[in-house]
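In: Quick check, what structure comes out for this input:
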Amino acid sequence: MPRATVSQDTTRVDLKTCPGGYVELRTLSFHEMNTRQDIAARMYQEQTTGKKKSKRDEETVRGYFEIMNVAVSEYEFRNCIVGHNLMNENDELIDFTLPMQAWRLDPKIGQEIDRAIEEMNQLDEDYDDLGPLGTVPSSFSSDEVSMQPSTSESE
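Out: As a prediction, this is how the structure comes out:
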């Protein structure tokens, strides 16, 4: 029977931005990938309904879209880095389970680790068609498309 679970094998990445430094990474599971997506962007909506008695009682509709880059990076580093030799200014291993501001990580090193994590958790190009449903087919027929106004250079 084919195995359908994520491999527990790790990959060692020797860091170019930190000579002698390395991280050991593991792949996120499907559940962890979905959790990561939930963290990545959160949308809030508020809607107040009721009868309008006066101008003060007008209906309120609000929408918020929040980008969670720091939370996503903390999640990925915490869950993907299973080993490393990266030290802080006190010669202690950086604790990636702490909030990011405690890491005091050099941005170039952080970006290199982030890229390695991203590459490790991407689907192969052969599986691109397994992504979201893809582009919704156009409702225009070829006849309708040809009837669209065209721009000419003489105008």
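In: C-alpha only now, for contacts and for neighbours.
Out: OK.
In: The one helix or strand Val13 maps to - contacts with which helices or strands?
Out: If you go by DSSP states H and E, Val13 is part of strand 11-14. Using 3 or more CA pairs under 8 Å, 6 or more residues apart in numbering; DSSP states H and E as the contact test, the elements touching strand 11-14 are strand 22-25.
In: For the strand it packs on, give the mean pLDDT please.
Out: Per-residue pLDDT values over strand 22-25 give a mean of 98.
In: Could you identify the helix or strand that succeeds that strand?
Out: helix 30-40.
In: Give me the contacts around that following helix.
Out: 6, 67-69, 71-72, 75-76 (CA atoms under 8 Å, 6 or more residues apart in numbering).
In: What is the lowest-pLDDT residue among the residues you listed?
Out: Pick the lowest pLDDT in the contacts of helix 30-40 and you get Ile67, at 71.
In: circling back to that earlier point, which of the contacts of helix 30-40 count as buried?
Out: 72, 75-76 (16 or more other CA atoms under 10 Å).
In: wait, which of those residues is closest to Arg26?
Out: Using CA to CA, Glu76 comes nearest to Arg26 of the buried ones among the contacts of helix 30-40, at 10.1 Å.
In: which other helices and strands contact the host helix or strand of the closest one?
Out: Using DSSP H and E, Glu76 sits in helix 69-80. Applying 3+ CA pairs under 8 Å, 6+ apart, we find helix 69-80 packed against helix 30-40, helix 107-120.
In: Can you check what angle separates the shortest one from helix 69-80?
Out: Looking back up the chat, that one is helix 30-40. 160 degrees (axes from the mean of the first three to the mean of the last three CA atoms, to 10 degrees).
In: Which residues belonging to helix 30-40 are considered buried?
Out: Across helix 30-40, burial judged by 16+ other CA under 10 Å covers 36, 39-40.
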